[in-house]
Each structure stands twice: as C-alpha cells, then as structure tokens.
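Enquirer: Here is my input, please return the structure:
(chains A and B)
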There are 2 protein chains.
Amino acid sequence: MVHVETTAGSSLDGLFKAEGIAIIGASSKVGKPGNKIVEYALELDFKGEIYPINPGAEEIMGLKCYRDLEAIEGKVDIVVVVLHSDDCVTAAQKIAQRKDEKGDISVVVVVSGGFSERGDEEGREREKALLEPLMSRGIRVVGPNCQGIIDTYQGINTTFDVGKYKKGGLSVITQSGAFAVSYLMWADPLGMLGLSKFVSVGNMRDVSAIDLLNYFADDESTKVIALYLEGANEARKLIETAAEVSKKKPIVTMKAGRTELGGRAAQSHTGSIAGSFEMYKGAFRQSGVIQTFNVPEFYHTAAAFSKMPMPKGNRVCVLTVVGGPGTLCVDELITSGVVELAKLSEETKSRLKEILAPTANVGKPDGYIDMTGSVSETLHKEVFKIVLSDKNIDGVIYLTTPPAFLDEELLAKNIVSAYQSFPEEERKPVLSVLLYGFSVAKGRRIMEDADMPTLDYPDTAAQVMANMIRYSQYRSRNNC
Amino acid sequence: MVHVETTAGSSLDGLFKAEGIAIIGASSKVGKPGNKIVEYALELDFKGEIYPINPGAEEIMGLKCYRDLEAIEGKVDIVVVVLHSDDCVTAAQKIAQRKDEKGDISVVVVVSGGFSERGDEEGREREKALLEPLMSRGIRVVGPNCQGIIDTYQGINTTFDVGKYKKGGLSVITQSGAFAVSYLMWADPLGMLGLSKFVSVGNMRDVSAIDLLNYFADDESTKVIALYLEGANEARKLIETAAEVSKKKPIVTMKAGRTELGGRAAQSHTGSIAGSFEMYKGAFRQSGVIQTFNVPEFYHTAAAFSKMPMPKGNRVCVLTVVGGPGTLCVDELITSGVVELAKLSEETKSRLKEILAPTANVGKPDGYIDMTGSVSETLHKEVFKIVLSDKNIDGVIYLTTPPAFLDEELLAKNIVSAYQSFPEEERKPVLSVLLYGFSVAKGRRIMEDADMPTLDYPDTAAQVMANMIRYSQYRSRNNC
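Expert: Next up is the predicted model:
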C-alpha cells in the first residue's frame, strides 16, 4: 500500500470551524456578488460573527459594516475577498499584517478572478503576489477564482449563488463553482441532495483536491465525495490519495478536458493543465474512483450513494410497469459489463404470479419483471416486499410512469412503506425512475424525502446502479 | 435511388380523419383505463362524436352510453377496443359485421394486451383471430397492446395516459406507449414540446412504422418524427423508407434491444425481434436517420428539431457564463467528430471585447466565449446579437446558471428578444443550457414558449447540436 501523507484534521480544520468570518468587498448594493455573499452567509445558522468590510457603508443586511480588517475586534478565522483583482494583493498584505499582529486568521477565500487563469504573465505574477504573504504565514488559501466554502452543519457559507440548503451526506470538491452550484440548484426542487460540505477550489493554488479528499475521508458527516476536476499539478499524488480514500468512502468524479480543445477551455477557466484523459481514466478505475462520463450520470450517482446502501453483489432486478423503458434499462445494465440480471428465486416467481395479472411478465428474461399497468398502489407495496426479500437480488431498478389511474402520492407512500419495512441492515439499493419527471414532482418529493432516489431516465438509472456495483467490488477486493 | 411504395394519403387517412369514435369497453368507474380513455377523448377539441359502449352503463362522462356497436346510428370511423384479451376476438367479429352492413369503420385501435407478446401459442392464435376479420375487410388495425392515436389538430385521442396537449410540429411513432407518453409528460411542465400526431403501434401487426413514416413525410403539420423502435419485421423496407423520408424531414430514433437480454425484454413486451443493433446503427447512419444513444439525447434532439432551424454548417460557438460546464460542452462537441468550433470573426472579437469585462475570455480556444458572471441581462442581449450576426457561426450553445444576481425572467426575455430581432430566414439554431433545472423554471418557460429549447446538461446540448449537424449534412449530400 502506498503511504499517503495526510494533512487532514489539522490545517484544514479552519475551513469548517470558525468563530468569525470577515468579508472584504462586502457590498450594500443589492444584486452585487459582494452583497449576495453577506445575504447567503446569514441564511445558514452560523453561530459565530459575520463582519462585512466596506469603507463606504455603515451597515449591510442589518450587520455593522467595518472600515477595514483592523477595525474588527473579535476573532476572525476566515476572510473572504471579493474585490476587483487589482485590489486583492493589497488585501492579502493587510490580512498578513493582521495575522502577524493578532494571529487569528487561518483561512482566506479569494472569490475574485483575474489571476493565472488569464494565461498571461500579469495574471501569474498577480497570483504569486497574492499567495506569498498568506502562505508564508501558514494561512490556507481557497482559490483564487472560486466560490469558496459551504458547511451546512457549521452554518458557514462564502458563496454568492447558494443560500440555505438541506443538510446531508454529500461533500463536494469542485474546480468549477458554477458546475457544483448547478448540481445543488438542479437537485433542490425535489430535495434530491443533502449537503455536508462544499469547497469550490477554483485555481486550486493552495487548498487542493488532495487536501480535501483526505479531510473528507475522516469527516463524520460526509458519506460520499463528489469531485469535479479539470486538472491537477500532482496527478500521481491525487490518484494515490483517492485510492486510499476510496477504501473508506465513494468518490464520484467528472473529469473535464477529455479533448485537446476542452483542455484549452479548462486552462482558460482555472489555469489547469488537463493532462491525459486516458491516463486519468485508467488510474481512476484502478483506484476505485467512480468516474462518470455524462452529467446526469454524475449527478445521480453521487445522489444515490448519499441516500442508499451499497449493493452487496451485482445481481440486479428490473421491476417495471412499462415495457419500453424497461428494455432500455436492461440494455444499459448489460452494456456496463458489471451487472448480471438476478436469477429470481422460485418462491419469488410463484408469489408474484399469484398476485399479478396473467399479462404480467415474471422473469422473461430472468431478473426482469413487467407488472404491466394493471397494478394498484397497494399491490405495488406487496410486490416490492417480495422482491426486496429475495436473497438472489442485490439491487432493484424500479420504473414507472405512473399510469394516469394511479395516485402518485399514494403510490410513493406505499413504496416508501415497503422499503422501510426492512431493518436498515437488510436494505438494498433501490433506484426509482419516475418517467414523468416534474409532472409527478409530488410523488418524487415524498420518495426523496424518505431518502429513496428518483430519476428521469431508465438508462441513467442503469449507469448509476453499475457505478454502485463497481465501487462495491473495489471495496470487496480491498477487504474493506 | 430505391423506390419506396407509399401507402400514405389513402388508407391511413382514417387514423386522423374521423367523424365518430366508438370505445368498446368504456367504463364508468373512475380510474379504470376504459374511463380515462373517454375522459381524455373529451379533453381535445374533437368535432365529431364519441360513442362509449358498455351494456351496463347509461352514460359515461356525460355522454350517452351504447349497449353495443350495432346500437350506434351515426358514422363510426374509429373503434377503440379496451377489453380483457379474451373478449377482443368477439369484438373484432362484431366490428367486421358492422363493416359488412354499414361500411363505415376504417380503423380499429386495440389497446388490450395478451397477444403475441405473451410468447406462447395461445397469444399468437388469439392475435391471428383478432386480426383476420378486420384486415380481410380492409380495416386498418393499430396494435394490439398499444395506446393508439393522438392528433392534436383533429382532436382525436384514444390514449388513457395523455389528456390535453400543446399543438406543435412533433409526430411520434412508438412501440412503447409508456415511453412516448413519458416523453410528453416529462416535457409538459416547461412546455418543451408541441405535438402534432402520436401513434403507439404496440405489437405493430398492421399499421407499422413504415406506413407512418410515409404518412408523416407528407403531413403538413409534422416537422420532425420521433421513433421508438424495438424491432421490425421488414427491417430493410423500414430503412429504405426512412432514407427517403429523411430527405424531407428529420427522423430521430431510439432503438431498444442493443443487447441480447434487452432484446428478450423487448420480445416479451411487443413480440418484436430486435435484430442486430449494429446493423440498424450502420443502416440508420447511411439513411440520415438520427439515432440517439441515451434518453435525454433522444428527448432533446427531437424537441430541438421541432423548434429550431437547421444549422447550415458545422461551426459552433459555445457562449457561456460558466467555465466548468462550458469545458464539458466543448469536450462533447469535439468528441462527436462532426463539429468544429467556429472561428470568430475579427469584428465579433473586437465588439465583444469592447463590451465585456476584462476577465472575460473571447476566443480561447477559438469559438469559445466565457462572458464570466459579470454580465447584466441587457448585456446578454447585446452579446447574443453580436454572436448571431457572425457569418462564421452556424449554431450556438449558450450556457448559464443564471447567477443569483440576474433575474431569470428578465434574462430570458432579453435572450428571446435578441433572437427574434433576426428575420426568420437568418436565424441559426441556439440551444440554451439553463443549468439550474427547475430552479429556473420561469425563465425556461419563457424561452420554451418562444420556441427556444432549454436543456439541463451541457453534454446533452452538445450531442443535440452534433445530431442537428449530422442531419443537415445528410440533406446537403442528397441535395435536398
């Protein structure tokens, strides 16, 4: 086993433990990022103090506003910098000065862009001048060119795009603030995600994906780590770290820069060198990192890990009321190369045939059940219980429209009730595809609130289940 | 060129032109399919008569209910059969009898299942007995085991899952009613689709995909054909037909049965033999059929064709306010193998640099514009106008969150206004990825109502644009 030096637990603690957060560049002008940051910082239940800094304002969002950093008497742990890039270096020097005098600042989040991602000498020089006074004093820097930190449990939020968010088991590491924020916002209307921590690392000049993987590996409230990566300076160390962390928790990743032109777009975004996509792909596979290859797959895979138990094997049952989507799902499961359709037990088959209509299809092919539309909400519950009891089944993909003559809310409640009738240690992953999308938002919401993931597309569900199985196999191979 | 015998215009006319629709198996019991069919038949503005048939009911949904087919005096063009499979053959005989006596019935839609898809001798025999009396009299049969027909323009609806639906340019041919209905319902909350005609062909024993492709090719209100296919008896004729129809209108397809097990699921669903996926893939490519390989790609490709003009070339501009998703989009565009990033004109570059912030990225790589978050709603409008004027650009993918400090509705209106400032003949396809999904439903709705497609995922948008370009190239190659 490779020894991985971990910085977890010490120097990164400051990101998620703070008594005071100062915001340099806070704005009283509604709609400005410097205003949104204050607004959203207040939306979470932060127990410490928030100090907006702006020499031209008396108060912002009801908070006393400070002339400069010096004027703050209380302890400041995190400083957020949201200034024009020209002014960031001076701000860094002032932060360093306070660190020398008071010793309190441990983290600086530089939201501003205009540094190495510009791709010119001026940008690189400015970035160097920004980082030097901070890093030489042991201050950890997030960014520059990022959205910074959210910790829903500590109530910390330095972003200008996300307000209050549901707590949960997902922690995010991202080189694109917008991509990860989009994920959260996309998931929000149905309550598909619960968030633990979020770090937008931007140009990733100090606090890195490696640091955060190590930190989240030991973080109690993190159940799954979602990683959006453009490129890393220390690719090899990143992979080694990921391989170790994957023994404890799933890492779901989306790697940008698959093509040369995509790599150039990434470079103009965060100054990152994308590196060889094929190298990453092979290394991720060996390290147990769950690499996803399309955005809905990424979104739903991380969501599924955050809500569902892992499968104990690769034998999947497709339980459907709709033939076409069921077929597409089987195609995608088999194409994954890691899934087997479950061989239903004789007991399961005979119990299902007893209660289902004669037109129903039980086990053609094996592991495939088409209940057809002629099932009631309560019959769904019975079927779910039978299927989930079958010891030959490791995971279930359930597909429904639901038909116009079923009540979506009643149906959702019956499914949740069937699922929860099993003790936690006996539960299997169930992915439910509610094909009508937001036309059945109420039913989906009920299921999501009970931590049963819902999806729109049958093939995405198959990809997610395959990803869960691949990860489960990595854990088994490594006896963990 | 292959000569394709067309049955369009004559025998299929009866599907979409009807004075009277009879429903055998109409039910007064709310929640039953036979009740929903009557309810939904009434929701469209059908100018003719609807005749529910049920010996046990006086009226259904306020309509007079008939004892049997004989009792109806008016002209009956379409008969919907929604009975237990055991009773369908008798119904077919009665339909044949009326045809002999009155000569009026031209189409029968058999909703009931329990025929050849059962995979046993009994099912096959029953199907034969069902079809013989009808087809021998020149009556066209849709199904069995299907949802039948919708025509939003004529107000015809025989389905039990779809009620009133927005009119538009999409026509659907599907072997899975549930799959196509899901597509409509999924699209409905944002108004992503306008429907012309819908035929769920089920076991496809008479009215076939071939018939319908020919019919829709000449149907004025059909702009794009979406085809979900499990298998066809006459694969070669289907491909030849598709190649000809593709010279007039885009056919977007999803082919199930990619794997042997998926093929077996399909067979248990509609009794279809899936055939070789690779054969279909190659044949579709040569025939200009736009085959899609994942469900969101299928959904959005058909939607885009129904709303947007075709690209005149393959030079695409990626216009983004968000770096990460922009990068993923470029990766997918390039991976398609058919897209080039557009070489922005010098005029475009200098005009954009004049109005955008210095941190914006104009043309690194060429064809890629990252406006960064520092743009207002009205600046968006200016940028759109400049980009859409550039003669080096054939299509635009626009990506936004939108950031918290922009108003989504105002933004949407500005984009629509910029787009519509060009005369129709000068318009280019624009695909807009609004990454926040339903969190920005209001903005998306405004754009969709103005026929500007919106998407959730940057890579799906790239796939859709590549599909539009592939089709445009097929048309060019065939000088049509």
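
Enquirer: Quick one: end-to-end length of stretch A:58-78, please.
Expert: 21 Å (C-alpha to C-alpha, to the nearest Å).

Enquirer: How about the residue in the stretch 51-200 of chain A that chain B sits nearest to: what's its closest non-neighbour residue?
Expert: Nearest residue of the stretch 51-200 of chain A to chain B (C-beta to the nearest C-beta) works out as A:Ser176 at 2.3 Å. All C-beta spots, glycine's among them, are computed from the backbone N, C-alpha and C. Nearest residue to A:Ser176 in three dimensions, chain neighbours excluded: B:Gly324, at 2.3 Å (C-beta to C-beta, 6 or more residues apart in numbering or on different chains).

Enquirer: quick one: the lengthiest helix in chain A to chain centroid distance?
Expert: If each helix of chain A is counted by residues according to DSSP state H, the longest one is helix A:458-477. Relative to the centre of its chain, helix A:458-477 is centred 17 Å away, using C-alpha atoms, centre = their mean, to the nearest Å.

Enquirer: Check which helices and strands that helix is in contact with.
Expert: strand A:290-291, helix A:295-307, helix A:323-335, strand A:395-400, strand A:430-434, helix B:295-307 (3 or more C-beta pairs under 8 Å, 6 or more residues apart in numbering or on different chains; DSSP states H and E).

Enquirer: would you list every one of the strands in the stretch 101-250 of chain A?
Expert: With strands called from DSSP state E, counting those that start in this stretch, the stretch 101-250 of chain A shows them at A:107-110, A:140-142, A:148-151, A:156-157, A:167-174, A:195-200, A:224-229.

Enquirer: partners of the first one in the sheet?
Expert: Listed by DSSP bridges, the sheet partners of strand A:107-110 and their directions read strand A:78-81 (parallel), strand A:140-142 (parallel).

Enquirer: buried set for the shortest one?
Expert: The neighbour-count criterion (16 or more other C-beta atoms under 10 Å in any protein chain shown) identifies A:Arg140, A:Val141, A:Val142 as the buried residues of strand A:140-142.

Enquirer: pLDDT of that strand, averaged?
Expert: Strand A:140-142 carries an average pLDDT of 97.

Enquirer: try stretch A:324-332
Expert: According to the model, stretch A:324-332 has a mean pLDDT of 97.

Enquirer: circling back to that earlier point, using TSV, lay out the strands paired with strand A:107-110 together with distance to B:Leu229.
Expert: Putting these into TSV (distance: least, C-beta to C-beta, whole Å) gives the following:
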stretch	distance to B:Leu229
strand A:78-81	55
strand A:140-142	51
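
Enquirer: still on that earlier bit, nearest to A:Asp366 among the buried residues of strand A:140-142?
Expert: Minimum distance to A:Asp366 across those is 51.4 Å, recorded for A:Val142 (C-beta to C-beta).

Enquirer: so that closest one touches A:Arg205, yeah?
Expert: No. A:Val142 lies out of contact with A:Arg205 (C-beta atoms under 8 Å); the separation is 9.3 Å.

Enquirer: okay, the strands of the stretch 101-250 of chain A in TSV with distance to A:Thr241 next?
Expert: Below are those laid out as TSV (distance: least, C-beta to C-beta, whole Å):
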stretch	distance to A:Thr241
strand A:107-110	21
strand A:140-142	17
strand A:148-151	20
strand A:156-157	24
strand A:167-174	11
strand A:195-200	15
strand A:224-229	11
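
Enquirer: Deepest-packed of those, please.
Expert: When you average the neighbours per residue for each of the strands of the stretch 101-250 of chain A (mean count of other C-beta atoms under 10 Å in any protein chain shown), strand A:107-110 leads with a mean of 30.
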